[in-house]
Every structure is written in structure tokens, then in C-alpha cells.
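> Predicted coordinates and the sequence they were generated for:
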Amino acid sequence: MNKPSSSKKPVVVYGASGYTGRLVCEYLREYNIPFIAAGRSKEKLDEAMRSHVPGIETASYEVVEVAHTVEALSALFDGASVVLNTVGPFAKFGHEVVQACLATKCHYTDTTGEQDWLITLEAEYGPKFAAAGLLLSPGLAQMYTTGEIAAQLCLETPGLDTLDIAVFWGGSPTVASTQTILVNAATSKAYYLEQNQYVEWQPDAGLYSLAIPGQHEAALALPWGGTSHPVWFKKDPRVANVKVLGGVFNKPLMLGVPQIVAAALKATEGMNEEDRYAALAQTAAAVMGSMPPRENPRINKSVDSVHASGPLARAHCVIYGNCNYKQTGLMQAYAAAHLLQQAPRRVGFASGCQAFGHHELLGVLRSFGLVQPPVLTVQH
């Protein structure tokens, strides 16, 4: 849906001073899209744009400090067309942003991996966005969308109904990601999809051992809150079962995650919501208190692997890539570029592939040198 032209820049990046937000701004510059870099601290935003967004001097942008209220955000979004939200944990901070988008008729995307947030968005806001002709697309990020691209490529073979997905990346979670992991573990259940029903992952199962394409050593994995895929595919008539596991290639880091989560849960038992959040945020800062370095493609590799099966057919798709946060930033910027030029394939609640097409998203990642051609094998 296109709005009448206004002097307002058409895209708002909310949380632009964060690690992912900066990358979104970097790719918006490459797409030549004017944007507003918004957040709670003008000082942090100015510093992030000047010091951490290459080529920012050639971008058309402005920095805006905004309070995190529906009213303030609505005033900021009014006249824009697309809001790219990177402020998590989304289950805590997302409602105001989504409500402001609805009030100002802006498309919404975010980078979440919080399964409970997706379920809430679909139920509470999906129909309202659809009625307004707007897109509500959470979880547009490497950890979810690149694996979804692989799944969609598998599903081009008819007769498959089960998705077994593995997502791996090299590097460290950001400060915000670490906080989200802990908050999600403390406050939400994780689900996989079995015969189109949500089934809870065993919360105390610990680490899973996975065979990862392209290496001999087994890798350690976790459900990461269940991820986005079971929610996206729940209403796909081709799919009945979805399980997702993922992790970082760094084994010592993976070995530490269950202990950190267990200790945080024990320490926050019986606390009210606000106190628990404050305590978990403090724990997250102790675990990952500084911004990770800019990604290096020789170190920050990614692997998305999908085994798809049916009663009499199988497909396997692997997408090898690098720089998972850059993949996220690029896909967010492409979403804005698409939405400024034409309507999405689906309005209301929709995944990146459902809204923009999996071949199109793959083409974007390929054109910027972030993923290899998919390795797809089919038996039927």
C-alpha cells in the first residue's frame, strides 16, 4: 500500500544504534532509501551513525530521539511507510511499536526469534493489519529467514510434510540477543509442530547433538525458544511437522548456555515481572556486556540445513553463507525497498518468504555475496 508523498523520510529504523540496527541503516544507504534512525538516545544514535555505518555521509537520513510510548512512536511514524524494528526483547517492547504502526498505517517488520511474540502477533494483530492492507512480518533475520528459504526450496517438491531444520552460525550473540535468550527462557515455553499442533520441547533436555553438513565433528544445538518456523508453517497446508534446532559453532560457548540459563532461572524464581526482567538484563550484560566486533566473513560463517520428508519423498537443502547479522540487515533493507515500490504478496501476519518470495530473498543474499548457491538434493 502506497501513501501519498510527504516530506517525511519513508522508512524508520527503530533501535538504530544497536548492532543489527546499524547494519539495517548501512544497507538502506546501499539501496539509496532515505530513513530515520530512531531510538531512546540521540547521543548513542549520532555516535552509531557517525562511527559504525560505512558511507553514512552519502546517506539521506535523520536522527530522532523518541520515547517508548504509543503516542510518541505514532507521532514519529506518521507520514512514513515502513518501520523496521530491532528493539527487543520484543514480547516486552514490541506492543507499542506495533500499535503505533497500526495507528499510522505503516508496514512492520522486526528481527525477533521469540516464538511467543510471533504467536501473540498473529492472534492479536494479524487480522487488524490484514484489514488495513498492511504487512506484519516478524523474524526477518538470518536465523529464521535463510532457513525458511531452504525449507521453501525443499517444499517445491510435492509430497513432503515434515521439516527438520538446523541453523548454525559462527560468532557471538549481541548484547540484545543474549538478553532476549534469557528473558525468553525465563518467561516462555518453546514449541515444535507435530501434526499441526504445538508441542512443548522438554525444558530440561539440555543440549542436542547434530550432524552438520560440511563437517565431521558433531555440533551442539538447542531449540532456541522454538524459533519462528513452527509458527510460519502452522497454516501451510503442505506441512504438518516442524522441528528446529540451532547453535553456534563455538562448542565451549554452547556448553555454557544451559548453565547460564539455569542459573538465571533459579536466581529469578518468585520475582515479579519487572524485577525478573531487571535481573535477567543484568545477567545478560555480565555474559555479553560489549558490542561484538564487526563480522568477518572468514570467521562468521552460517549453515542453514533443512531435511524435508514425506511418506514417499525426501529433499535436503543446505545454504552455506557468512555474516549472519549482515544477512539480517540486508533482508530488512530489501523488505523496505520492496514495500516502498509494491504491495507484499501477503498482507497481515506473514513471514519474509510469504511476503516477498523465497527466490527473491535468496537472490538478494546472493547478489550481495552473503550466501553460496543452495545445495538441493531430491529423492522421490
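The structure has been received and is ready for your questions. Residues are numbered from 1 along each chain as shown.

> What are the boundaries of the helices in the stretch 101-250 of the chain?
Assigned by DSSP state H, counting those that start in this stretch, the stretch 101-250 of the chain shows helices spanning 115-120, 126-131, 147-154, 175-187, 229-233.

> Show me what the mean pLDDT comes to for the fourth one.
Okay, so that is helix 175-187. Across helix 175-187, pLDDT averages out at 65.

> cool, the shortest one as well?
In this model, helix 229-233 carries a mean pLDDT of 98.

> Below-threshold pLDDT in the stretch 201-350 of the chain: ranges please.
281, 284-290 (pLDDT under 70).

> What segments of it are strands?
Along the stretch 201-350 of the chain, the stretches classed as strands by DSSP state E, counting those that start in this stretch are 208-210, 219-221, 241-248, 301-310, 313-322, 348-349.

> Can you lay out those as CSV showing mean neighbour count and distance to residue 163?
The C-beta positions use only the backbone N, C-alpha and C, and glycine is treated the same way. Putting the strands of the stretch 201-350 of the chain into CSV (neighbours: other CB atoms under 10 Å; distance: least, CB to CB, whole Å) gives the following:
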stretch, mean neighbour count, distance to residue 163
strand 208-210, 14, 15
strand 219-221, 21, 15
strand 241-248, 22, 5
strand 301-310, 23, 5
strand 313-322, 21, 10
strand 348-349, 24, 19
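
> Distance to residue 135 for those - can I get that in TSV?
Below are the strands of the stretch 201-350 of the chain laid out as TSV (distance: least, CB to CB, whole Å):
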stretch	distance to residue 135
strand 208-210	33
strand 219-221	31
strand 241-248	22
strand 301-310	23
strand 313-322	24
strand 348-349	7
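
> Skipping its backbone neighbours, what lies nearest residue 87 in space?
Spatially, and ignoring its direct neighbours in sequence, residue 87 is nearest to residue 15 (3.9 Å; CB to CB, 6 or more residues apart in numbering).

> And the pLDDT at the one you found?
Looking at residue 15, its pLDDT is 97.

> let's number from 38 now, not from 1
Yes, from this point I'll number from 38; that puts the last item at residue 52.

> okay, now it: neighbour count?
Neighbour count of residue 52, defined by other CB atoms under 10 Å: 25.

> pretty sure it is touching residue 120, no?
No - at 10.5 Å, residue 52 does not count as touching residue 120 under the criterion of CB atoms under 8 Å.

> circling back: can you tell which of the strands of the stretch 238-387 of the chain is closest to residue 64?
Closest to residue 64 of those is strand 350-359 (CB to CB; 15.3 Å).

> Give the other helices and strands that the closest one contacts.
helix 184-191, strand 338-347, strand 412-416 (3 or more CB pairs under 8 Å, 6 or more residues apart in numbering; DSSP states H and E).

> can you rerun that using 10 Å?
Applying 3 or more CB pairs under 10 Å, 6 or more residues apart in numbering; DSSP states H and E, we find strand 350-359 packed against helix 184-191, strand 199-206, strand 338-347, helix 395-404, strand 412-416.

> strand partners of the shortest one, parallel vs antiparallel please.
Yep, that's strand 412-416 we're talking about. Strand pairing for strand 412-416, determined by DSSP bridges: strand 350-359 (antiparallel).

> Next: the second one.
Strand pairing for strand 199-206, determined by DSSP bridges: strand 278-285 (parallel), strand 338-347 (antiparallel).

> For residue 203, find the nearest of the ones you listed.
Here strand 338-347 is closest among the strands paired with strand 199-206 (CB to CB), at 4.6 Å.

> before we move on, what SS does residue 104 have?
Secondary structure assignment for residue 104 (DSSP: H, G, I helix; E, B strand; the rest coil): coil.

> Can you report how many residues neighbour it?
Burial measure for residue 104: 11 neighbouring residues, criterion other CB under 10 Å.

> In TSV: the helices and strands packed on strand 350-359, plus distance to residue 103.
Output for those, formatted as TSV (distance: least, CB to CB, whole Å):
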stretch	distance to residue 103
helix 184-191	31
strand 199-206	31
strand 338-347	33
helix 395-404	29
strand 412-416	44
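
> which of these is buried the deepest?
Of the helices and strands packed on strand 350-359, the one with the most neighbours on average (mean count of other CB atoms under 10 Å) is helix 184-191, at a mean of 26.

> Just want the angle from that helix to strand 412-416.
Angle, helix 184-191 to strand 412-416, by axes from the mean of the first three to the mean of the last three CA atoms, to 10 degrees: 40 degrees.

> could you say what helices and strands helix 184-191 packs with?
Under the contact definition 3+ CB pairs under 10 Å, 6+ apart, helix 184-191 sits against strand 199-206, helix 266-270, strand 278-285, strand 338-347, strand 350-359, helix 389-393, helix 395-404, strand 412-416.

> check contacts around residue 138.
49, 51, 110-111, 114, 117, 119-120, 122, 144-146, 162, 166, 169, 171-173 (CB atoms under 10 Å, 6 or more residues apart in numbering).

> Surely residue 313 touches residue 303?
No - between residue 313 and residue 303 there is no contact under CB atoms under 10 Å: 11.9 Å.

> When those two are compared, which one has more neighbours?
residue 313 (20 against 8).

> Tell me how far that one lies from residue 306.
For residue 313, the distance to residue 306 equals 9 Å [CB to CB, to the nearest Å].
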